[in-house]
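> After the sequence you'll find the predicted model.
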Amino acid sequence: MNRDRLDFLLMQWSAGALTGEEAGEFQAMLRVEPEARRLFRRHANLDVALREWSDERTSATPWSAVQAPGAAERNARGVPWPRIAAIAAALLLAGSWIAHLLHERAGRALVMPPIAEERTAQGCAVLAQTLDAAFPADLPPRATGETLAPGRFKLDHGFAQIEFFSGATLLVEGAAELEIVSAWEARCLSGKVRVRVPPAARGFRLMAPGMKLVDLGTEFAVNVDAAGQSAAVRVFEGEVVAHPAGQPEISLRAGGGLRGGSPPAASAGLALLDPKVFLGTGQLQDLVSQRQEERFAQWQAWSARNARDARLIAYYPFKHDSRWERLVTDGAEPLDKTRNGGAVGVVWTKGRWPMKDALRFQRPGDRVRLSLAGDYRALTLSCWVKVDSLDHRYNSLLLTDGYDSGQPHWQIYEDGRLMFSLIYPDPADPSSRAKRRNQIYYSPPVFTAANRDRWHHLAVAYDNQTGEAVQYFDGELVSREVSPFHAPGRPILFGPCELGNWGLPTEGHKFPIRNLDGSMDEFAIYSARLTDQEIREQYENGKPF
């Protein structure tokens with residue numbers, strides 16, 4: 001947040017002098033910056049208080065008493081009373097003038113910039129982690145990091161770790177089916193579930209056929225048969241209060257177990273559940289780390305092969321070189337140092353795997369400077385990105401410095417659509433910049449609030465003969481389009497360009513804020529249109545799991 005700019009906008013608002021552009025800027029700042037909203041509230045309260053004070057002072061009698069004739073000409077400090085009276089008169093005059101201005105402004109309607117309603121979401125748990133997880137094809141796909149609303153959760157195979165807002169953690173092993181009821185309750189309908197409840201989540205309830213289990217801060221497991229008719233529970237640590245159907249409650253401590261059924265079994269007995277058959281959360285993390293290392297090694301092998309692709313114009317795998325923090329190396333072979341990039345503002349961060357590097361873009365000045373010579377008949381751009389927000393109208397992936405004939409722009413629109421464009425002169429008036437034809441290609445919205453803050457593979461392919469632009473999201477084709485302004489054979493050029501931002505500002509002029517708010521991990525630029533299958537292979541070889 002630019003505090004100087006905020007102070008200026010607050011003064012403009014107080015004076016009722018905000019322009020339309022400044023009002024839009026002020027609204028955007030209030031929407032995304034909690035500190036800006038706090039300062040605005042304080043400023044508005046102070047403004048109202050000053051106006052109320054000015055009203056009271058201007059309506060009151062300035063002097064409550066008049067010095068009686070014959071009183072001393074000097075006060076106790078020896079200052080002549082006429083001088084005090086002159087000072088007081090000057091202060092009164094100044095105060096009246098300030099009060100007049102405040103009172104005059106008070107007569108005008110206060111215009112508060114409209115503030116968008118606070119966003120809301122539904123949910124009571126988070127799908128924190130998965131391993132080899134497969135979900136039913138007839139249900140909406142699940143993704144790590146997703147917020148889970150009350151309802152059915154079904155896992156065909158693999159493992160899923162669900163963290164409830166109350167603090168309870170459920171490790172589900174497929175095939176299994178749950179019903180998420182609230183932040184404090186779930187039902188196990190089938191399969192195996194291991195439950196870990198910290199002290200803050202004491203009282204978490206897990207329902208199973210023939211029993212209700214109330215956790216008092218412990219770890220236990222439940223196994224429900226595929227038919228969902230009988231259940232067994234085993235306590236590994238701490239205490240669980242079990243409520244078998246039609247029977248008194250039972251306190252189960254470490255090593256204790258219980259069988260129940262629906263309809264209820266004739267008697268409740270110890271369940272012979274072996275703790276070894278239930279994967280623990282720590283064991284899951286070990287398996288996840290092992291799988292990450294395997295996936296990273298698989299990607300490294302693919303990346304080495306890809307670097308030798310003769311169609312590459314440039315390839316940035318984003319490998320941090322500690323000898324020069326600001327160097328972004330082009331890994332395409334044969335190596336060409338003229339195509340190395342320069343990092344500006346961005347910081348190195350963790351990529352798709354803990355051992356992989358990436359670049360974090362956040363501030364208006366963050367960017368990676370490139371210079372790519374040559375002209376081309378086709379191109380494919382592909383990258384891995386993790387988007388944190390889409391606060392700007394345009395959010396850059398790759399933009400040339402200007403927007404001259406044949407130069408491509410690739411960005412994410414504010415509503416989550418991918419946007420690819422090229423511009424060329426009007427054939428009827430090629431010298432007119434005002435009549436240039438902008439070939440713009442949009443995908444349907446692919447980024448939503450639910451799938452941000454996780455890694456996605458993006459790609460666009462274009463050739464100058466057909467004019468067809470094909471866009472991809474996570475290996476799947478999402479749009480295919482030809483612009484009505486297309487004319488075959490016109491060249492494609494890059495020149496000076498940037499990853500994650502747009503251009504060098506002209507000296508003394510403002511520049512549009514289009515920086516990416518998120519992280520970028522791997523960027524490839526090809527001089528050919530890659531096939532659907534090749535894009536799919538990029539995704540399969542690069543996806544985190």
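Structure received.
> is it true that residue 533 lies in a helix?
Yes: according to DSSP: H, G, I helix; E, B strand; the rest coil, residue 533 belongs to a helix.
> Now do the contacts for it.
Residues touching residue 533, when contacts are defined by CB atoms under 8 Å, 6 or more residues apart in numbering, are absent altogether. From N, CA and C alone the C-beta is placed, and that goes for glycine too.
> ok, so what distance separates it from residue 414?
Between residue 533 and residue 414 the distance is 32 Å, computed by CB to CB, to the nearest Å.
> Ok, residue 439 next?
With distances taken as CB to CB, residue 439 is found 20 Å from residue 414.
> quick one: which of the two has more around it?
Just comparing residue 439 and residue 414: by other CB atoms under 10 Å the higher neighbour count belongs to residue 439, 21 against 14.
> which stretch of helix or strand covers the residue positioned nearest the centre of the chain?
Taking CA atoms, centre = their mean as the criterion, residue 388 is the residue nearest the geometric centre of the chain, at 2.3 Å. Assigning secondary structure by DSSP states H and E places residue 388 in strand 378-389.
> Give me the mean pLDDT for whichever helix or strand comes after that strand.
If you walk from strand 378-389 toward the C-terminus, the next helix or strand you reach (DSSP H and E) is strand 394-400. Confidence for strand 394-400, expressed as mean pLDDT, is 96.
> can you pull out the helices in this protein?
Taking DSSP state H as the criterion, the chain contains helices spanning 3-14, 20-32, 34-59, 81-106, 281-306, 532-542.
> Would you mind checking the average pLDDT for the fourth one?
Spelled out, that is helix 81-106. If you average the per-residue pLDDT over helix 81-106, you get 43.
> Equivalent analysis for the last one, please.
In this model, helix 532-542 has an average pLDDT of 97.
> now it, how far from the chain's geometric center?
Between the mean C-alpha point of helix 532-542 and the mean C-alpha point of its chain there is a distance of 25 Å (CA atoms, centre = their mean, to the nearest Å).
> So for that helix, what gets flagged as buried?
Counting neighbours by 16 or more other CB atoms under 10 Å, one finds that the buried residues in helix 532-542 are 534-536, 538-539, 541-542.
> and which of those residues is nearest residue 237?
Of all these, residue 237 sits closest to residue 542, with 39.8 Å by CB to CB.
> Could you double-check that the residue nearest to the centre of the chain lies in contact with residue 447?
No: counting by CB atoms under 8 Å, no contact exists between residue 388 and residue 447, whose distance comes to 10.7 Å.
> and residue 338, how many neighbours does it have?
Neighbour number of residue 338 under other CB under 10 Å is 9.
> looking at the chain, which helix or strand is least sure?
Considering only helices and strands, the least confidently modelled element of the chain by mean pLDDT, DSSP states H and E is helix 81-106, at a mean of 43.
> got the contact list for the closest residue to residue 242 other than its chain neighbours?
On the basis of CB to CB, 6 or more residues apart in numbering, the spatially nearest residue to residue 242 that is not a chain neighbour turns out to be residue 250, at 4.7 Å. When contacts are counted by CB under 8 Å, 6+ apart, residue 250 is found next to 241-244, 258, 268.
> Kindly export the strand holding residue 388 (C-alpha atoms) in CSV.
This file holds the C-alpha atoms of strand 378-389, laid out as CSV (Å, rounded to 0.1, in the frame of the first residue of the first chain):
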residue,chain,number,x,y,z
ALA,A,378,3.8,-19.8,-35.2
LEU,A,379,4.2,-20.0,-31.5
THR,A,380,3.3,-21.9,-28.4
LEU,A,381,3.5,-20.4,-24.9
SER,A,382,3.3,-22.6,-21.8
CYS,A,383,3.9,-22.1,-18.1
TRP,A,384,3.1,-23.2,-14.6
VAL,A,385,1.5,-20.5,-12.4
LYS,A,386,-0.1,-20.3,-9.0
VAL,A,387,-2.4,-17.3,-8.9
ASP,A,388,-3.1,-15.6,-5.5
SER,A,389,-5.5,-13.0,-6.7
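> for it, which positions count as buried?
Neighbour counts using 16+ other CB under 10 Å place 378-387 of strand 378-389 among the buried residues.
> Widest-spaced pair of the residues you listed?
Taking CB to CB as the measure, the buried residues of strand 378-389 span a maximum distance of 28.1 Å, between 378 and 386.
> Next, the buried residues of stretch 419-438.
419-425, 436-437.
> Throw the contacts of residue 250 into JSON lines and include distance to residue 364 and neighbour count, thanks.
Supplementary listing: the contacts of residue 250 in JSON lines, determined by distance: CB to CB, whole Å; neighbours: other CB atoms under 10 Å:
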{"residue": "241", "distance to residue 364": "56", "neighbour count": "15"}
{"residue": "242", "distance to residue 364": "58", "neighbour count": "23"}
{"residue": "243", "distance to residue 364": "58", "neighbour count": "17"}
{"residue": "244", "distance to residue 364": "62", "neighbour count": "20"}
{"residue": "258", "distance to residue 364": "60", "neighbour count": "26"}
{"residue": "268", "distance to residue 364": "65", "neighbour count": "21"}
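> nearest to residue 401, of these?
Top of the list for closeness to residue 401, among the contacts of residue 250 and by CB to CB, is residue 241 at 67.6 Å.
> Spatially nearest residue to the closest one, not counting backbone neighbours?
Closest residue to residue 241 in three dimensions, ignoring its sequence neighbours and counting by CB to CB, 6+ apart: residue 214, at 4.5 Å.
> what bridges to the one you found?
Using DSSP bridges, the beta-bridge partners of residue 214 come out as residue 205, residue 241.
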